[in-house]
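J.: Model the structure of this input:
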Amino acid sequence: MKEVGYILFATGLVYFASQSAGRTLLRLLRLDLARSEERFIGFVAGSGMLSLLVFLLAAAHLAYRGVFVGLGLLLVATRWIPFGWKPLPPLLPRVSAWWRLAFWACYLVYGFIYVPNALAPEVSPDGTAYHVGLIAQYYRVHHIQWLTTSMYASLSQGIEMLFLFAYGLGVGFARQSAAAMVHLLYLLVLPFGMNSYGRRFGMAGAGVVGGLLFFMSPVVAKSGTAAYNDVAVAAILFAAFYLLQIWAEERSARLFVPIGLLAGFAYGAKYTAFLILPFALVFVAAHLWHQRPAMLRAVLVIGGCAAIMIAPWVIKDAIVVGNPISPFGNTVFRNHYIHPSDEVEYAASMAHFNGVKYREIPMEVCVKGYRLLGIVGPVFLLTPLALLGWRNRHVRYLLLATLVMGVTYFGNLETRFLIPVLPFASLALAATFSYVPGLVLVLLAAHAVLSWPFFMDRYTEQYAWRVSDVPWAAALRLEDPTQFVSKALGDSYQMALQIKKSVPAGQAVYSVGSFLPRSYMDHDVIVGYESAFGRRMFDALVVAHYESSAPTRRHDFKFASHAVRRIRLVQTARDKSTTWSINELRFYRGGTEVARKPEWRLRAWPNPWDVQLAFDNNPVSRWSSWEYYWPGMYVDVDFGSAVEVDEVIADCSPLQENIQLHLEEWSSGSWRALTTEDAASSLPLPAHLRRAAIDYLEANGVHWMVIDKDNWGAKDFLLNRAQWGITPVAITRELVLYRLD
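T.: Residues are numbered from 1 along each chain as shown. Got it, this is the predicted structure:
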């Protein structure tokens, strides 16, 4: 029970500190909000302010429990600061007793399921891997690490800063649970915000039903009770939208400050929520189109306040990985940390998640729930009917927000990426059904039954991602947390324990792709697909394992011997399925290789950072464009002085079937063709590739490796471990930990 106390203390401090900070801001601005609005919007806006302060503390190496407690109590204390202007907040129209009864009945029954799921030890995949996993790494060193080996560390982490705050106040398993409970706060408060919206704008019943449609949605329940950020993003977007609607009625310029802060916080919480900023700017500009000075002031205030919340993440990524919007935009902001081809492949896999076609999405996200990981609920198949409420101005705006905020969904088809637009769709649907007396109650009742976790087995697919238990014993720590986590995470958690025992402190573990729960580990984890570094390590293993990837294709260019100072190999084909790579590039004169010298200046485009890999005499390492073929790619060598050369040889993978290469030399201030005659030939497989690959990993500081037994190379690693130069140290049912010798 001691852990539960830590969790509740951390969660309560986040809530009251956030609400106090937001309330202080709103009252300093003298905004005429109702009490319920002040509580909801104050909490959401205040959590953004708390997130920014935690980021600044962590950036300044001050991420300590005592510092967090002091910050939290200081923000709570602002609640009692005298403002000199203390009007009694107005009350919104009351909801009828029947609607209050319906709301509380559903809210409490479903809340009884949600709370223990959040309070139990955190076992969500993304939560333990990076939402809390990276936060755990930060807290170990008491500051934000400038990580370049995980693309997830480059994403904005506004909600994760609140997780860091709560994580730092816990102990043991309470740390991860505290993060999940912070996310649960947004799920618990958002229905009240939606309720207030309905009361303010004359559709109280729709506010109740809309809030419950969102609250009881199965995917919302699953994400909102885990250390994810989707429900928090939904609350931020709705709070900003809510303030825009209030401004449209009251035209108070003071509202532009919290609108801007919330729009910026949305970007800081999740990149895909950035559209609320242009939405807000266009919304305000359209209403002030004929008042140009006022419009300009509004745009500047909203944009400036948003920039305060956006800047930390943009600046951090620009400094750490050279790309302010990392891990995206890598062809614009080229860098050494994320490959453009990896970005393209990742985006394609998310946009075509599990091969689901667009026509299949409605049934997958509303009823089936397996291929897209979760369902919003069958009643949301009726969402198009909300168009019938178009005459209602507020329904029009809700549908517009649904459309605009939902645009980014097609970049990732997982069901939970619809959560940020569900508040708008829920309210629009409820408001439209409210036109027919009694029909909206049928909608609510149907959703309550169909979303009930223990009824869903009758129609959803067996492995749909959803809440399926009420783990009070684990939540109250009456069940051993270790057993609970081990049962849920299986071998990955067992391997985490083995790594803790076997790997010396301070040494990272390389994972080819296996899931490891970073939040329960004391070691950094480098995952193969998460960074350019991880990809290079993986590429070396692939070259050693697959003969088709080894350098067994030689491109041989011969020409009349003459003195050359600078020469380059140019690729002129176009292919959207293959990248160009060179394992070794060599120069000859009379059959003798020209010795490489330190004064050689090596260049390549694209990916100039790895050009040395084509000159390191290691057959498993290779320079790669890490972009699909396009004409004009090159590797350029400046010898520093004229060198007699009559042959250039490039050893490459035979997979580059459509490649077209030619040589150019620098002469009289320009490039001219030297030869296009490529005498390509096959080479025998180089010896000792496995050992060369391990040597390459060790040279890059990798001394430990985890392999899934179902992985492409698992059998070969085990059977030929002597040739690789690796020793199995720990073996679980599915994973093997190797030491690189």
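
J.: need the contact list for the residue nearest to Asn392 when sequence neighbours are not counted.
T.: With C-beta to C-beta, 6 or more residues apart in numbering as the criterion, Asn392 has its nearest non-adjacent residue at 6.2 Å, and that residue is Ala431. Quick note: C-beta positions are derived from backbone N, CA and C, even for glycine. Contact analysis of Ala431 by C-beta atoms under 8 Å, 6 or more residues apart in numbering lists Gly198, Met203, Ala206, Gly210, Ala386, Gly389, Asn392, His394, Val395, Leu398.

J.: same thing but 10 Å
T.: Ala431 makes contacts with 198, 201-203, 205-207, 209-210, 386, 389, 392, 394-395, 398, 440, as judged by C-beta atoms under 10 Å, 6 or more residues apart in numbering.

J.: pLDDT score assigned to Gly355?
T.: Gly355 carries a pLDDT score of 90 in this model.

J.: number of nearby residues for it?
T.: Counted by other C-beta atoms under 10 Å, the residues lying close to Gly355 total 8.

J.: Excluding chain neighbours, what is closest to it?
T.: Gly355 sits nearest to Arg371 (C-beta to C-beta, 6+ apart), 7.8 Å away.

J.: isn't the one you found right next to Thr415, touching?
T.: Yes. Here Arg371 reaches Thr415: they are 9.5 Å apart, a contact under C-beta atoms under 10 Å.

J.: Now do the shared contacts for these two.
T.: With C-beta under 10 Å, 6+ apart as the test, Arg371 and Thr415 both reach Phe353, Ile361, Glu364, Val365, Ala464.

J.: Out of those, who's the most crowded?
T.: Among the shared contacts of Arg371 and Thr415, the one with the most neighbours (other C-beta under 10 Å) is Val365, at 27 neighbours.

J.: That residue: what's its closest spatial neighbour, skipping adjacent residues?
T.: Nearest to Val365 is Thr415, by C-beta to C-beta, 6+ apart, at 4.6 Å.

J.: can you tell me which residues contact the one you found?
T.: 217-220, 222-223, 230, 353, 361, 364-366, 368-369, 371-376, 409, 464-465.

J.: got a list of what Pro312 touches?
T.: Ser51, Leu52, Phe55, Leu56, Ala59, Ile144, Ser156, Gln157, Gly158, Met161, Gly264, Gly268.

J.: mind listing which of those residues are in strands?
T.: Among these, none falls in strands (DSSP state E).

J.: I'd like to know which of the residues you listed are buried.
T.: Neighbour counting with 16 or more other C-beta atoms under 10 Å marks Ser51, Leu52, Phe55, Ile144, Ser156, Gln157, Gly158, Met161, Gly264, Gly268 as buried within those.

J.: so what's the second one up against?
T.: What it means is Leu52. Here Leu52 is in contact with Gly158, Met161, Leu261, Gly264, Phe265, Gly268, Ile308, Met309, Ala311, Pro312 (criterion: C-beta under 10 Å, 6+ apart).

J.: let's go with 7 Å and repeat that
T.: Each residue near Leu52 by C-beta atoms under 7 Å, 6 or more residues apart in numbering is listed here: Met309, Pro312.

J.: got it, and the first one?
T.: If a contact means C-beta under 7 Å, 6+ apart, then Ser51 has Gly158, Met161, Leu162, Gly268 as its contacts.

J.: try 6 Å
T.: By C-beta atoms under 6 Å, 6 or more residues apart in numbering, the contact list for Ser51 reads Gly158, Met161, Leu162.

J.: isn't the last one right next to Val182, touching?
T.: Looking back up the chat, that one is Leu162. Yes. Counting by C-beta atoms under 6 Å, Val182 is a contact partner of Leu162 at 5.1 Å.

J.: overlap in contacts of the two?
T.: Contact criterion C-beta under 6 Å, 6+ apart; residues shared by Leu162 and Val182: Val14.

J.: now the residue nearest to Gly355, what's its secondary structure?
T.: Per DSSP: H, G, I helix; E, B strand; the rest coil, the secondary structure class of Arg371 is coil.

J.: How confident is the prediction for it, by pLDDT?
T.: 95.

J.: Give the burial count for Ala60, as a bare number.
T.: By the criterion of other C-beta under 10 Å, Ala60 has 11 neighbours.

J.: whoops, Ala680 was the one
T.: So Ala680, with other C-beta under 10 Å, has 14 neighbours.

J.: List the buried residues of stretch 27-38.
T.: For stretch 27-38, burial by neighbour count (16+ other C-beta under 10 Å) applies to Arg27, Leu31, Leu33, Ala34, Ser36, Glu37, Glu38.

J.: Out of those, the closest to Tyr529 would be?
T.: Closest approach to Tyr529 among the buried residues of stretch 27-38 (C-beta to C-beta): Glu37, at 44.0 Å.

J.: Next, the contact list for the closest one, please.
T.: Glu37 sits next to Ser196 when contact means C-beta under 6 Å, 6+ apart.

J.: residue boundaries of the helices in the stretch 101-250 of the chain?
T.: 125-126, 133-141, 158-168, 174-200, 204-215, 218-224, 230-250 (DSSP state H, counting those that start in this stretch).

J.: what's the offset of the fifth one from the middle of its chain?
T.: Averaging C-alpha coordinates over helix 204-215 and over its chain gives two centres that are 29 Å apart (C-alpha atoms, centre = their mean, to the nearest Å).

J.: Quick one: mean pLDDT over it.
T.: Mean per-residue pLDDT for helix 204-215: 97.

J.: just checking, what packs against it?
T.: helix 97-119, helix 174-200, helix 422-433, helix 439-450 (3 or more C-beta pairs under 6 Å, 6 or more residues apart in numbering; DSSP states H and E).

J.: what sits up against that helix?
T.: Taking C-beta under 6 Å, 6+ apart as the rule, helix 204-215 contacts 95, 99, 103, 106, 191, 194-195, 197-199, 422-423, 426-427, 430-431, 434, 440, 444, 447.
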